[in-house]
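*Asks:* Sharing a model prediction with you, sequence too.
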Amino acid sequence: MSDSPLTLLRIAAQTVVIYLGLIVGLRLIGRHQMAELTLVDYLIIALLGSAVETGLYGGSGSLAAGLVSVTVLLLTNRGLALVINRVPAVRRGLVGTPVVLVHDGQLIPAHLRAEGMTREDLLQGIRRRGYDQLEDVRFAVLEVDGRISVVPRERPRNQER
């Protein structure tokens, strides 16, 4: 059984809407949470893929419907990547910008709250980078990929360990 061109066009439109919806939804989750996915999180992502499968190709089991959906998904992804690389405002909105969480050993609580992080999350991140306490940190930055980068404070020469 063959799908009509109108059915394939509907599938293409549904694919674009689902793709954009997933991007917005994943962006709202937050980069810190995305960087620290657990086994359960991966399971949810796999189930999410299965859940949208029917919407991607309209419940049709045909090869044409699947190929249209895959092609549109890949083309939409490529198009969005081009826009992100050329339009800084779109990049900031979808990808984000680095956020300073610690400045000269001092937490910036408003930035932690805005990123959905706790003090403990931050301390764990700086320990992963080899620093014991906030006083050792000049800057701690939440990068766009969810990792925490640390710039150490310089100690006066007579206080080096």
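*Replies:* Arrived safely.
*Asks:* chain center to stretch 88-101: distance?
*Replies:* Chain-centre distance of stretch 88-101: 11 Å, with C-alpha atoms, centre = their mean, to the nearest Å.
*Asks:* now what about it, what contacts it?
*Replies:* By C-beta atoms under 8 Å, 6 or more residues apart in numbering, the list of residues contacting stretch 88-101 from outside reads 23, 27, 31, 80, 83-85, 107-108, 111-112, 114-115, 117, 122, 139-144, 148-149. All C-beta spots, glycine's among them, are computed from the backbone N, C-alpha and C.
*Asks:* of those residues, buried ones?
*Replies:* 31, 80, 107, 111-112, 115, 117, 122, 139-142, 148 (16 or more other C-beta atoms under 10 Å).
*Asks:* The residues you listed in strands, which ones?
*Replies:* Per DSSP state E, strands hold the following members of those: 107, 139-142, 148.
*Asks:* I'd like those residues as a markdown table, with pLDDT appended.
*Replies:* Output for those, formatted as a markdown table (pLDDT from 0 to 100):
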| residue | pLDDT |
| --- | --- |
| Leu107 | 95 |
| Phe139 | 96 |
| Ala140 | 96 |
| Val141 | 96 |
| Leu142 | 93 |
| Ile148 | 92 |
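*Asks:* re the thing from before, which pair in the buried ones among the contacts of stretch 88-101 spans the largest distance?
*Replies:* Longest distance between any two of those is 34.8 Å, between Leu80 and Leu107; criterion C-beta to C-beta.
*Asks:* what are the ranges of the helices in the chain?
*Replies:* 5-29, 31-35, 39-56, 63-86, 88-94, 109-114, 119-128 (DSSP state H).
*Asks:* With mean pLDDT and distance to Arg153 added, can I get the ones you listed in CSV?
*Replies:* CSV is the format used below for the helices of the chain (pLDDT from 0 to 100; distance: least, C-beta to C-beta, whole Å):
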stretch, mean pLDDT, distance to Arg153
helix 5-29, 80, 32
helix 31-35, 61, 23
helix 39-56, 61, 34
helix 63-86, 78, 34
helix 88-94, 87, 29
helix 109-114, 94, 19
helix 119-128, 92, 12
